[in-house]
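Novice: Prediction below, plus the sequence it came from.
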Amino acid sequence: MSTEPNYRSLSPPTDKDRADYSYAERRAELYDLVEKAGHYRQIEQSQTELGRRFSVSQQTIAKDLKRIREWKADHLGDTAEAELNTLKTNAVQHLLDNGDPDEAYYLMRKHYETLMDAGIKESASEEVDVSGELSVVELLSKGTDTE
């Protein structure tokens with residue numbers, strides 16, 4: 001198990017310049033960005049832009065995001081379903097509210113694939129038949145059901 005700090009429980013300081021953040025403080029803010037976006041690939045800023053934001057290199061941001069994914073893989077097992085439901089209710093709902101069901105479905109599938117890659121979820125036994133008769137929410141629900 002990782003010896004990394006608990007990025008979920010850390011709060012980035014509000015009275016400190018981002019250039020002066022420790023790695024843990026920077027990763028805590030990056031963790032918050034990942035959670036808000038629903039997936040690390042959905043963060044609005046590029047790694048280069050984030051590097052400028054924190055006065056570090058793009059490679060440092062890439063390493064930070066990798067460490068955050070590893071931390072989540074180590075700590076997500078017991079709460080995988082809760083995390084998945086949070087994703088559905090936050091990022092996916094936001095996309096649906098903005099009229100982008102295709103992106104909502106894509107985001108949900110990518111997050112589910114991340115959980116499968118981490119060994120937290122098993123591959124679904126059946127493929128979802130997209131015949132146009134189900135709503136996007138029903139498709140997302142069926143697409144993540146492994147029973």
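Specialist: Here it is on my side, so go on.
Novice: Quick one: low-confidence residue ranges for this structure.
Specialist: Across the chain, the ranges flagged by pLDDT under 70 are 1-2, 76-85, 87-89, 118, 120-121, 123-147.
Novice: how close does the residue positioned nearest the centre of the chain get to residue 90?
Specialist: Taking CA atoms, centre = their mean, the centroid of the chain lies closest to residue 39, which sits 2.6 Å from it. Between residue 39 and residue 90 the computed distance is 11 Å (CB to CB, to the nearest Å). For every residue, glycine as well, the C-beta is placed using N, CA and C.
Novice: one step back: which one is the residue nearest to the centre of the chain nearest to, not counting chain neighbours?
Specialist: Spatially, and ignoring its direct neighbours in sequence, residue 39 is nearest to residue 111 (5.2 Å; CB to CB, 6 or more residues apart in numbering).
Novice: What count of nearby residues applies to that neighbour?
Specialist: If you count neighbours by other CB atoms under 10 Å, residue 111 ends up with 23.
Novice: Which of the helices or strands spans it?
Specialist: For residue 111, the host element (DSSP states H and E) is helix 101-117.
Novice: For that helix, name the packing helices and strands.
Specialist: helix 80-87, helix 93-97, helix 136-143 (3 or more CB pairs under 8 Å, 6 or more residues apart in numbering; DSSP states H and E).
Novice: wait, what's in contact with the residue nearest to the centre of the chain?
Specialist: Contacts for residue 39 (CB atoms under 8 Å, 6 or more residues apart in numbering) come out as 87, 91, 107, 110, 111, 114.
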